[in-house]
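S.K.: prediction below, plus the sequence it came from.
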Amino acid sequence: MDTIPIGVFDSGVGGLSVLRAIRCRFPGHPILYFADQAHVPYGSRSLSEVRSYSKEITRFLLEQGARLVVVACNTASAAALHDLRQTFDGVPFVGMEPAVKPAAEGTHSGVVGVLATPATFHSDLYSSVVERFAREVKILQDPCPGLVQQIETGDLNSPKTRQILESALKPMLASGADTIVMGCTHYPFVIPLIQEIAGPEVRVIDPAPAVARQVGRMLTARGWVSENATPGAILFFTSGDPQVFTLLLPLLLGEKGEVSQIQWDQESIK
């Protein structure tokens, strides 16, 4: 049986944190990655816009051969995952869910901080997760304005990036937060800086390994898991500047790759 290609998409480079975790567990699978940098950040866009972009990107990835699609974006998962499953019947999808449950189960202080985009905080998915798993826990939220844009330029440790994170984290820490949840796939790239600000006693949760495990469950259930240890090809697509994306790959993914530019024609990919 041919090795099943996995499609992964995000508004930008954030989904590379998820791709990295999938690549670590299933190196033999080819991966198609789409960064919709023409529309980044999704977190400040309407849910209807994000749904439209997500459907078109999924259609593109399926046309390129993807058999399983990972929505490696919290905002797109909250806005579009349900619609994607209905629109593309039979296609297995894996989405992002804020890791509030493990945070609530593991906190000792009873105070958890969540860093995510405004669209994620306003979504029904996020509200449902908090209601189901964190009713006995104090949840502190911050959208970290400007942080996605900093990471999109590869600016992971500058004074400006530090200031954004300190503004979010210091009130949380002062209120007793002992666990910080990454509610945006961009944010794991600044975990070293977050840990430096928060201190080693604060737990920082990156959801990417859990997403990779879910990908594994879906592959296994369908008999699609590749035992091939030779790394599969990764094809990168961006609706933004391919040169900028190419330069970020070694920094964020630890791999080089060729990036193809994809143009939007109004709300369709051409």
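M.R.: Here it is on my side, so go on.
S.K.: for the residue nearest the centre of the chain, which non-adjacent residue is closest in space?
M.R.: Averaging the C-alpha coordinates of the chain gives a centre point, and the residue nearest to it by C-alpha atoms, centre = their mean is residue 185 (3.0 Å). Excluding its sequence neighbours, the residue lying closest to residue 185 (C-beta to C-beta, 6 or more residues apart in numbering) is residue 14, at 3.7 Å. Bear in mind the C-beta positions are built from the backbone N, C-alpha and C, glycine included.
S.K.: ok, that neighbour to residue 114 distance?
M.R.: Distance, residue 14 to residue 114, using C-beta to C-beta, to the nearest Å: 16 Å.
S.K.: quick one: buried residues of the host helix or strand of residue 245?
M.R.: Using DSSP states H and E, residue 245 sits within helix 242-252. By 16 or more other C-beta atoms under 10 Å, the buried positions in helix 242-252 come out as 242, 245, 248-249, 252.
S.K.: what is the nearest of the residues you listed to residue 37?
M.R.: Of all the buried residues of helix 242-252, residue 37 sits closest to residue 245, with 6.9 Å by C-beta to C-beta.
S.K.: so what's that closest one up against?
M.R.: Residues near residue 245 by C-beta atoms under 8 Å, 6 or more residues apart in numbering: 13, 35, 37, 236, 238, 259.
S.K.: ok, back up a step: from the buried residues of helix 242-252, which is closest to residue 135?
M.R.: Nearest to residue 135 among those: residue 252, at 36.0 Å, using C-beta to C-beta.
S.K.: quick one, what contacts the closest one?
M.R.: 13, 16-17, 154, 189.
S.K.: and the pLDDT at the closest residue to it other than its chain neighbours?
M.R.: Spatially, and ignoring its direct neighbours in sequence, residue 252 is nearest to residue 16 (4.9 Å; C-beta to C-beta, 6+ apart). Looking at residue 16, its pLDDT stands at 98.
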